[in-house]
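Asks: Sequence first, then the predicted structure:
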Amino acid sequence: MPQAKKNPHELKKHDDVRIDNYFWLNDRENEKVLDYLRAENAYFEKHTASYKNFENSLFEELKSRIKEEDESVPYFENGYFYQTRYSKGKEYPVYLRKKKNLKAPEEIIFDENQMAEAYEYYNLKGIEVSPNNKFAVFGEDVTGRRQYVLKIKNLESGEILRDKIKNTTGSAVWANDNQTLFYTKKDKKTLRAFQIYKHILGTDAGDDILVYEEKDDIFDVFVTKSKSNKYIYIASFSTLTTEYQYLDANRPDDDFKVFAQRKRGVEYNLFHKGKRFYILTNKDHALNFKLMQTSIEETRMNQWQDFIPHRTEVLLEDVEIFQDFLLLTERKKGLNMLRIVCEKKKEDFYIDFDEETYTLYVSYNPEMNTHKFRYVYNSMTVPSSVVEYDVDTKTKQVLKEQEIPGENYDKNEYESVRLWAPARDGKKVPISVVYKKGLKLNGNNPLLLYGYGSYGITVDPGFSTSRLSLLKRGFVFAIAHIRGSEYLGRPWYEDGKLLQKKNTFYDFIDAAKYLISEKYTSSKHLYAMGGSAGGLLMGAVSNYEPELFNGLVAQVPFVDVLTTMLDESIPLTTGEYDEWGNPNEKKYYDYIKLYSPYDNVEAKSYPNMLITTGLYDSQVQYWEPAKWVAKLRELKTDDRVLLLHTDMNSGHGGASGRYKSLKDRAREYAFLLNLANRTHD
């Protein structure tokens, strides 16, 4: 069993001294650090050897449910139909287009499989075609650290131009002259997106012009284009505050103008149509957001007027602009709804959805002058469908249904319900549950409880072909919609951050105990999983209630919260003070220290645990889970399984490619199924 050496390092703040024996692991270039990670990987392989054959067969099972030869529904944009296509045995898609109609000869824009051949990890991002359809800008990441190199391809000749721009976010925006690009650069050390540059086609990147630099280090920036193609936006954003600048896309050499000056606590997003801007905002204490409007001539906040007012029971999540109507995505009692507002016809109506719990989101709809739009619908039992809705006739057409080769899937064999668990403070925590019909509520079922609960991100109850491998082996799968998400609106998020962060962990624990009380499972058969901030959740609940779970999977877990939030050189730190609190202030230091998983490891029993990371992770540095495992090995008093697996070629998102990522999932599921004694078919 690996055991990292102890090298005490003193950390002092607010007259509080912490001794970190494994601080030395914070050095990716140190060969001794790499040796330790390799030793942990070797230990992982040795421990899992007894069920390696099952893991391999499980991978093949997961792979068999992928339609290997598949293609997306074509969409029309600026004179071309665009589509992606997968071929049998290939990890990555091919990007295609056809001019004017679907019977035209297809042009291959990018074959990502060829582009990825030389790399262990490859990510193609941000493909944007110029207005004249001649060029495409794109971003490449070959480490997983999300530092993209921007390149440009001549789509007529197939030539990759000499333009090469390093250390970007991977996306760029074309001005309407087809010669000018605006893009975002990252700070090389912190990876904060903080500068917007202007690049002229065919010139050296060293000659690019800095058009904006965000000086406030709690803000990031990005550049984008209005759906109308009339304006280019620069957005500065933090957890609590937004500020937009805008520029006529026909005049790329003009200066950007501030749309509305930032005001702490006011978030907004812009949408342009005709002579108006629509603004999705929380202005005037609209906690669940509202839609406002203003003329293109007068954009100051005091000129904005309500269009869709704030509602305490409905979260307004997003807006899509069309020529003759607005499409609103709303959330009420946890469920998404689509609302169509036709100003000219003076119509305002919702699309009906029947299931008790489901997932719904608006698809890519680049054209404004249309009476149709697309959305994607699925649930925990219903595979995903791309649906086209006709606003004029109020009819739906399913354009594509997800196929599940390899087995005769029948949704009627599975049951999905939504439960409401009582939290310790009287709130009700929603839980989405799926299982195979015929389940006996006797407490003997293995159950995997998934959670995240941060940044207002909601994990919706969607369909998963991989999850079928658990369900068909008797597992119950559940998602706890805990505070820190926006499942029950913005207040649900606000009540799970900063000095209320513990509510996130308590909600998860209370949801788990409720599932046990309702006989869905028992502590002997209960498992939990979460990644990134969900990995923090795993670490916290393992400290609070280690006997509640038989096993945990913590993916790229954010567990050394206090040390990370005190180090402003680490990516994401300063921009997240409004999420976690700034520990340079003693009240936040003290509160974070109470729950930070690494700081609260004790000499006691812990659940069986699989912890994963990537060496090039830019969001949660690899040393956080590595240090956590080292400290657990030192202090824990049980003989339960503790495994660390480090992907030496990837970052925060794990392996690239559709098959390689399934190997990650097979590894995690095999770990759980082995603990549950379900490695038989």
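Replies: Great, that's in hand.

Asks: who does the one helix or strand Ile19 maps to pair up with?
Replies: Per DSSP states H and E, Ile19 falls inside strand 16-20. If you go by DSSP bridges, strand 16-20 pairs up with strand 9-13 (antiparallel).

Asks: coming back round to it: right, and the helix or strand after the strand holding Ile19?
Replies: That would be, after strand 16-20 and using DSSP H and E, helix 31-48.

Asks: got the angle for the very next helix or strand once past that next one vs helix 31-48?
Replies: Per DSSP H and E, the first helix or strand lying C-terminal to helix 31-48 is helix 52-64. Here helix 52-64 runs at an angle of 90 degrees relative to helix 31-48 (axes from the mean of the first three to the mean of the last three CA atoms, to 10 degrees).

Asks: Name the next helix or strand following helix 52-64 along the chain.
Replies: strand 70-71.

Asks: Now do the strand holding Ile19, average pLDDT.
Replies: Mean pLDDT, computed over strand 16-20, is 97.

Asks: For that strand, list every residue counted as buried.
Replies: Residues of strand 16-20 classed as buried by neighbour count (16 or more other CB atoms under 10 Å): 18, 20. Every residue, glycine included, has its C-beta placed from N, CA and C.

Asks: Please list the residues outside that strand that contact it.
Replies: 8-12, 562-563, 589, 593, 599, 627 (CB atoms under 8 Å, 6 or more residues apart in numbering).

Asks: ok, 7 Å please
Replies: 8-11, 563, 599 (CB atoms under 7 Å, 6 or more residues apart in numbering).

Asks: Generate a ChimeraX selection restricted to the buried entries among these.
Replies: Selection command for ChimeraX covering only the buried members of the contacts of strand 16-20, criterion 16+ other CB under 10 Å:
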select :563,599
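
Asks: for the residue lying closest to Glu518 once chain neighbours are set aside, what are its contacts?
Replies: Excluding the flanking residues, the one nearest Glu518 by CB to CB, 6 or more residues apart in numbering is Leu441, at 6.7 Å. Leu441 makes contact with 518-520, according to CB under 7 Å, 6+ apart.

Asks: repeat for Tyr669
Replies: 58, 469-470.

Asks: between the helix or strand encompassing it and helix 31-48, how big is the angle?
Replies: In the assignment (DSSP H and E), Tyr669 maps to helix 658-675. Counting by the same axes, to 10 degrees, helix 658-675 lies at 60 degrees to helix 31-48.

Asks: how distant is helix 658-675 from the center of its chain?
Replies: 20 Å (CA atoms, centre = their mean, to the nearest Å).

Asks: before we move on, what about stretch 169-177?
Replies: 23 Å.

Asks: Output that stretch as CSV, restricted to C-alpha atoms.
Replies: C-alpha atoms of stretch 169-177 as CSV (Å, rounded to 0.1, in the frame of the first residue of the first chain):
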residue,chain,number,x,y,z
THR,A,169,-10.4,30.0,-24.0
GLY,A,170,-10.9,28.2,-27.3
SER,A,171,-13.5,30.4,-28.9
ALA,A,172,-13.6,33.5,-31.0
VAL,A,173,-16.1,35.8,-32.8
TRP,A,174,-16.0,37.0,-36.4
ALA,A,175,-16.8,40.6,-37.2
ASN,A,176,-18.9,41.0,-40.3
ASP,A,177,-15.9,42.0,-42.5
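
Asks: got a list of contacts for that stretch?
Replies: With CB under 7 Å, 6+ apart, stretch 169-177 has contacts from 125-126, 128, 130-131, 137, 139, 141, 148, 150, 181-184, 186, 193, 222-225, 229, 232, 249-250, 252.

Asks: buried set for the helix or strand harbouring Lys164?
Replies: Under DSSP H and E, the secondary-structure element containing Lys164 is strand 160-174. By 16+ other CB under 10 Å, the buried positions in strand 160-174 come out as 163, 165, 168-174.

Asks: Direction included, what does it pair up with?
Replies: Next to strand 160-174 in the sheet, as set by DSSP bridges, lie strand 148-154 (antiparallel), strand 180-186 (antiparallel).

Asks: State the mean pLDDT of it.
Replies: 95.

Asks: Run the chain-centre distance for it.
Replies: Worked out by CA atoms, centre = their mean, strand 160-174 lies 23 Å from the chain centre.

Asks: Residue nearest the middle of this structure, spatially speaking?
Replies: By CA atoms, centre = their mean, the chain has its centre lying nearest to Ile457, at 7.9 Å.

Asks: For that residue, give me its contacts.
Replies: Ser485.

Asks: Could you do Phe505 as well?
Replies: Contacts of Phe505 by CB under 7 Å, 6+ apart are 537, 540-541, 544, 595.

Asks: Please apply the same query to Pro366.
Replies: Pro366 sits in contact with 75, 77, where contact means CB under 7 Å, 6+ apart.
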